[in-house]
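S.K.: With the input below, show me the fold.
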Amino acid sequence: MADYLHLKNGTDVRGTAIAGVEGDPVTLTDEAVATISAAFCKWTEQKLGKKPTVAVGHDSRLSADRLSALVTRGILSEGGKVILTGLSSTPSMFMLLQDDFGADASVMITASHLPYQKNGLKFFLKEGGLESAELTEVLQIANTLPMPKETPQGANAERRPYLARYAEGLVGMVRRATGEKEPLRGKRIVVDAGGGAGGFYESLVLKPLGADTTGSQFLEPDGRFPDHIPNPENAQAMASVCEAVRRSHADFGVIFDTDVDRAGAVSSTGEEINRNRLIALISAILLEEQKGAYIVTDSVTSDGLTRFIRERGGVHHRFKRGYKNVINESKRLNAEGKYSPLAIETSGHAALKENYFLDDGAYLVTRLLIALAKASKEGKDLMELISGLPEPAEAREIRLGFVPGTDFKALGGQVIEDLKAAAEKTPYLSLAAENYEGARVNFDGAHGDGWVLVRMSLHEPIMPVNAESDRAGGTALILEELYGFLKAYGFLDLSPLEKALGK
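M.R.: Numbers count the residues shown, from 1 in each chain. Model prediction:
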């Protein structure tokens, strides 16, 4: 009997869909994809009390057509109906469930920014994406089902794209907010889709709003990703779009990940707007609309961002990494009567309360462009909104591994608890007053003038280390101190830290 639980990655199914990469065998087999899709149909029928109609879309990955056919086979084998939307963004596959599109559930075939051989399945109901426990239920059902061998006779899927309709909603949103049909006329805006699904934003959103998109690049879907990884966190990708903005003398730049649930941006000077800057920019926009708002972020945001949000009348609420974690925390705060309009990660995942708490890179960028249009009309620069953001002099991230075969979760947890205890005993160290993940340790001015966060990866045997300092050379002092502490743990691979310190 197959066990499909090994394909679970948080709230998604993830695996290898294309053979040929050494050491990376195919795990998203025909049997796995068809059977898991059949299980999702059966699980959804149990939830809704009827055979569901399921919309199926995909990003630009090379394995998309094969997986679409297998997902379709699985759903039809359980008596469900299928609407094939073709090239889609992940957010659009949720939004069609809020529309009169005729679907009860949806499946998005994507693996975000992962390499070309990877792919995955993301599942939605009208209430939102499946939670981790719900996906476990689906996979447990899959473990009991035989593989659907073929599409039932007479059962066919309907082909009906939705992405253009989704884009029309964004265009209408900008027009309503600005009171103009073409509020971006006279503005040059560069889009970098990296060969992913985000090229639609240039033709279906920006051009109807009057923008000049000269200089946009890599708009055609290409699942080989030959130009750069579609990932706002990737240094090469950000450097590429920044250069495109400078080369084109653009007013603004936009970069999406493969399935458009994340975004980054670029100022008119070619300066990247991501991580803390991106959070600060959308936070400033929202806090102008309502003071006192709780801005929920992941755990690696800077102390300068905290001061920035506080000075603008907001509350910075750091929480655990993982876009579902920050979204659910923001929902919890709202349920307690604490207004929280935004849940956002430094990765570019951003979910707004006004938009179903959907992590939607295109919606985030559209919100920024509304602010850009309004600022321009007042003779202002959008970047003035974050002109007072205190930024660290240095910031570094290092990922430490574990010796193979060790119980990394238990051992990593012990390291973190030991680090907390050591910090409490050391005069020049202090633990962050509010911290929901790992150990966040503050260093005084004489010992690094910054902080370090040591935590466990959500899904991998990795211990990420983030360090920031308000002075040049400060992170080296902080990491040297941490290295001295971690040397006692023989199950850790400290070579990345040693390399960073020049050892």
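
S.K.: so how far is G79 from L135?
M.R.: Distance, L135 to G79, by Cβ to Cβ, to the nearest Å: 22 Å. Placement of C-beta: from N, CA and C, glycine included.

S.K.: which one of these two has more residues nearby?
M.R.: Neighbour count, other Cβ atoms under 10 Å: between L135 and G79, L135 has more, with 25 against 15.

S.K.: SS state for the more buried one?
M.R.: Under the three-state scheme (DSSP: H, G, I helix; E, B strand; the rest coil), L135 adopts helix.

S.K.: Could you do the one 3 residues further on as well?
M.R.: Under three-state DSSP, the three-state class of V138 is helix.

S.K.: Contacts only, for it.
M.R.: Shown in contact with V138 (Cβ atoms under 8 Å, 6 or more residues apart in numbering): I36, A39, F40, W43, F123, L130.

S.K.: In the sheet, which residues pair with the residue sitting nearest the centre point of the chain? Tell me.
M.R.: The centre of the chain sits closest to H349, judged by Cα atoms, centre = their mean, with a distance of 3.5 Å. Under DSSP bridges, the beta-bridge partners of H349 are R262.

S.K.: so it touches V260, yeah?
M.R.: No. Using Cβ atoms under 8 Å, H349 is not in contact with V260, being 11.5 Å away.

S.K.: The closest residue to Y339 other than its chain neighbours: neighbour count?
M.R.: Spatial nearest neighbour of Y339, chain neighbours left out: A293 (5.4 Å); criterion: Cβ to Cβ, 6 or more residues apart in numbering. Applying other Cβ under 10 Å, we find 23 residues neighbouring A293.

S.K.: Quick check: buried residues in stretch 371-389?
M.R.: Within stretch 371-389, the residues that count as buried by 16 or more other Cβ atoms under 10 Å are A371, L372, A373, S376, L382, M383, L385, I386, L389.

S.K.: Could you give the secondary structure assignment for the last one?
M.R.: Right, L389. Classification of L389 into helix, strand or coil gives coil, according to three-state DSSP.

S.K.: again with V107
M.R.: Following three-state DSSP, the label given to V107 is strand.

S.K.: Could I get the pLDDT score of the closest residue to it other than its chain neighbours?
M.R.: Using Cβ to Cβ, 6+ apart and skipping residues adjacent in sequence, the residue nearest V107 is V56, 5.0 Å away. Listed pLDDT for V56 reads 98.

S.K.: Repeat that for M1.
M.R.: So, for M1, pLDDT stands at 65.

S.K.: so who does G198 touch?
M.R.: G198 makes contact with S89, V191, L219, P230, F256, D257, T258, V260, G361, A362 under the criterion Cβ under 8 Å, 6+ apart.

S.K.: what helix or strand is it on?
M.R.: For G198, there is no host helix or strand (DSSP states H and E).

S.K.: helix, strand or coil for the residue nearest to V107?
M.R.: Secondary structure state of V56, per three-state DSSP, is strand.

S.K.: same thing with M383?
M.R.: helix.

S.K.: in the protein, which spans are helices?
M.R.: According to DSSP state H, the chain carries its helices in the segments 30-48, 64-77, 90-95, 132-142, 163-178, 200, 235-248, 276-289, 303-311, 323-335, 361-377, 408-425, 474-486, 495-500.

S.K.: Make JSON lines out of those and add distance to G10 and mean pLDDT.
M.R.: As requested, the helices of the chain are exported to JSON lines (distance: least, Cβ to Cβ, whole Å; pLDDT from 0 to 100):
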{"stretch": "helix 30-48", "distance to G10": "15", "mean pLDDT": "98"}
{"stretch": "helix 64-77", "distance to G10": "19", "mean pLDDT": "97"}
{"stretch": "helix 90-95", "distance to G10": "14", "mean pLDDT": "98"}
{"stretch": "helix 132-142", "distance to G10": "6", "mean pLDDT": "97"}
{"stretch": "helix 163-178", "distance to G10": "24", "mean pLDDT": "98"}
{"stretch": "helix 200", "distance to G10": "26", "mean pLDDT": "98"}
{"stretch": "helix 235-248", "distance to G10": "23", "mean pLDDT": "97"}
{"stretch": "helix 276-289", "distance to G10": "21", "mean pLDDT": "97"}
{"stretch": "helix 303-311", "distance to G10": "25", "mean pLDDT": "96"}
{"stretch": "helix 323-335", "distance to G10": "7", "mean pLDDT": "96"}
{"stretch": "helix 361-377", "distance to G10": "18", "mean pLDDT": "97"}
{"stretch": "helix 408-425", "distance to G10": "15", "mean pLDDT": "96"}
{"stretch": "helix 474-486", "distance to G10": "27", "mean pLDDT": "97"}
{"stretch": "helix 495-500", "distance to G10": "24", "mean pLDDT": "96"}
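
S.K.: nearest to K353, of those helices?
M.R.: Of all the helices of the chain, helix 323-335 sits nearest to K353, with 6.7 Å by Cβ to Cβ.

S.K.: Now tell me what touches the closest one from outside.
M.R.: Helix 323-335 has contacts (Cβ under 8 Å, 6+ apart) with 10-11, 129, 131-132, 294, 296-298, 317, 319-320, 339-340, 342-345, 347, 349, 351, 353, 357, 359.

S.K.: Same check on stretch 390-410?
M.R.: 276-277, 300, 302-304, 307-308, 411-412, 450, 456-457, 461-475, 479, 486, 490-494, 496-497, 500.

S.K.: Stretch 141-151 now?
M.R.: Contacts to stretch 141-151, defined as Cβ under 8 Å, 6+ apart, come from residues 1-5, 30-31, 34-36, 38-39, 42-43, 72-74, 76-78.

S.K.: Distance-wise, check the nearest residue to E311 once chain neighbours are set aside relative to G304.
M.R.: Spatially, and ignoring its direct neighbours in sequence, E311 is nearest to G388 (7.0 Å; Cβ to Cβ, 6+ apart). Here G388 is placed at a distance of 10 Å from G304 (Cβ to Cβ).
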